[in-house]
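> All I have is the shape, not the residue letters:
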């Protein structure tokens with residue numbers, strides 16, 4: 001268990017550093033302002049991962065991470081105003097960049113496993129991506145028209 005925690009911590013620190021650089025370059029948030037938010041998010045993720053391993057239930061760790069994040073940021077919880085202030089300094093897109101890069105690397109390393117799934121999987125994946133893109137575009141068009149922006 002200790003080895004897992006060490007690996008998770010290292011991985012989350014790398015994500016945090018990359019997210020902090022992305023936050024600085026892309027959104028002009030100085031690293032010193034983003035550090036408390038990044039550290040808070042790393043701790044929340046570590047707690048969720050540890051709880052998932054310790055509890056006997058078959059619930060994904062992302063559920064525990066979301067529950068912890070919701071609880072500690074709720075109004076009335078001691079310190080929630082600090083947590084909300086700190087994490088507001090970290091832009092969501094700055095966080096998604098290293099995560100998506102890691103996902104791409106993970107898929108790239110298991111390309112042979114992906115190929116074993118067959119050509120039907122590629123077709124289904126293309127339709128899923130196309131549907132997601134078109135659905136997002138339609139929703140954006142509808143909302144922008146409702147707001148009178150276009």
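Nice, thanks for sending it over. Here the structure is a predicted model, which means the values were calculated and not measured. Numbers count the residues shown, from 1 in each chain.

> Using the record's assignment, carve the protein into domains.
Recorded structural domains for the chain (assignment: automatic domain parsing) are 2-110, 117-150.

> Is it possible to get CSV of those domains that adds mean pLDDT?
Output for those, formatted as CSV (pLDDT from 0 to 100):
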stretch, mean pLDDT
domain 2-110, 89
domain 117-150, 84
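
> Please identify the most buried of these.
domain 2-110 (a mean of 14; mean count of other CB atoms under 10 Å). Yep, even glycine has a C-beta here, placed from its N, CA and C like the rest.

> how about the nearest residue to residue 14, chain neighbours excluded?
For residue 14, ignoring the flanking residues on the chain, the nearest one in space by CB to CB, 6 or more residues apart in numbering is residue 98 at 7.4 Å.

> give the contact list for the one you found.
Applying CB atoms under 8 Å, 6 or more residues apart in numbering to residue 98 gives the contacts 14, 15, 18, 19, 22.

> give me that answer again for 7 Å
By CB atoms under 7 Å, 6 or more residues apart in numbering, the residues touching residue 98 are 15, 18, 19.

> now the helix or strand hosting it, how far from the centre of its chain.
Using DSSP states H and E, residue 98 falls within helix 92-109. Mean-position distance between helix 92-109 and its chain equals 9 Å (CA atoms, centre = their mean, to the nearest Å).

> Regarding this protein, what is its longest helix?
In the chain, assigned by DSSP state H, the helix with the most residues is helix 119-146.

> And residue 144, how far from residue 7?
43 Å (CB to CB, to the nearest Å).

> From the chain's centroid, how far away is stretch 79-93?
The mean C-alpha position of stretch 79-93 is separated from the chain mean by 14 Å, CA atoms, centre = their mean.

> got it, and stretch 1-16?
Computed by CA atoms, centre = their mean, the chain-centroid distance of stretch 1-16 equals 15 Å.

> sec struct for residue 56, please.
What DSSP: H, G, I helix; E, B strand; the rest coil gives for residue 56 is coil.

> Next one: it from residue 48, what distance?
Applying CB to CB to residue 56 and residue 48 gives a distance of 16 Å.
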